[in-house]
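> got a structure for you, letters missing:
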């Protein structure tokens with residue numbers, strides 16, 4: 001997985017307030033891949049409600065998104 005890859009969301013994923021961040025079957029871009037830690041983290045574009053970009057573990061991304 002690298003910056004610029006496109007991923008299809010496999011299910012709708014909500015934030016802690018129940019608002020959708022990722023919608024099922026929508027396409028999202030990989031904005032950044034952080035390989036400097038023990039675990040690899042990925043930042044994806046998504047629906048923003050504030051300045052809330054977050055990094056997700058690469059395993060979580062693999063379970064919830066499919067590369068296209």
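Received, thanks. Keep in mind the model is a prediction, meaning the values are calculated, not measured.

> going forward, measure contacts between C-alpha atoms and count neighbours the same way
Fine.

> what about the residue lying closest to residue 44 once chain neighbours are set aside, which SS state?
Nearest residue to residue 44 in three dimensions, chain neighbours excluded: residue 30, at 4.7 Å (C-alpha to C-alpha, 6 or more residues apart in numbering). Following DSSP: H, G, I helix; E, B strand; the rest coil, the label given to residue 30 is strand.

> for residue 59, same thing?
Residue 59 is classified as helix under three-state DSSP.

> That one: neighbour count?
12 (other C-alpha atoms under 10 Å).

> Surely residue 21 forms part of a helix?
No. Using three-state DSSP, the secondary structure at residue 21 is strand, not a helix.

> And the helices in this structure?
58-64 (DSSP state H).

> In contact with the residue most central in space within it: list those residues for me.
The residue lying closest to the centre of the chain (C-alpha atoms, centre = their mean) is residue 44, at 3.9 Å. Taking C-alpha atoms under 8 Å, 6 or more residues apart in numbering, we find residue 44 in contact with 28, 29, 30, 31, 32, 53, 54, 55.

> Residue 23 now?
Residue 23 touches 9, 11, 12, 13, counting by C-alpha under 8 Å, 6+ apart.

> and the residues you listed, which are buried?
residue 9 (16 or more other C-alpha atoms under 10 Å).

> Might you list the low-confidence residue ranges for this protein?
51 (pLDDT under 70).

> how far out from the middle of the chain is stretch 46-63?
Distance of stretch 46-63 from its chain centroid, counting by C-alpha atoms, centre = their mean, to the nearest Å, is 4 Å.

> Sorry, slip of the keys, the one I care about is stretch 21-28.
On C-alpha atoms, centre = their mean, the centre of stretch 21-28 falls 9 Å from the chain's centre.

> buried residues in it?
Those would be 22, 23, 27, 28, for stretch 21-28 by 16+ other C-alpha under 10 Å.

> would you turn those into TSV with distance to residue 48?
Formatted as TSV, those follow (distance: C-alpha to C-alpha, whole Å):
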residue	distance to residue 48
22	10
23	12
27	15
28	13
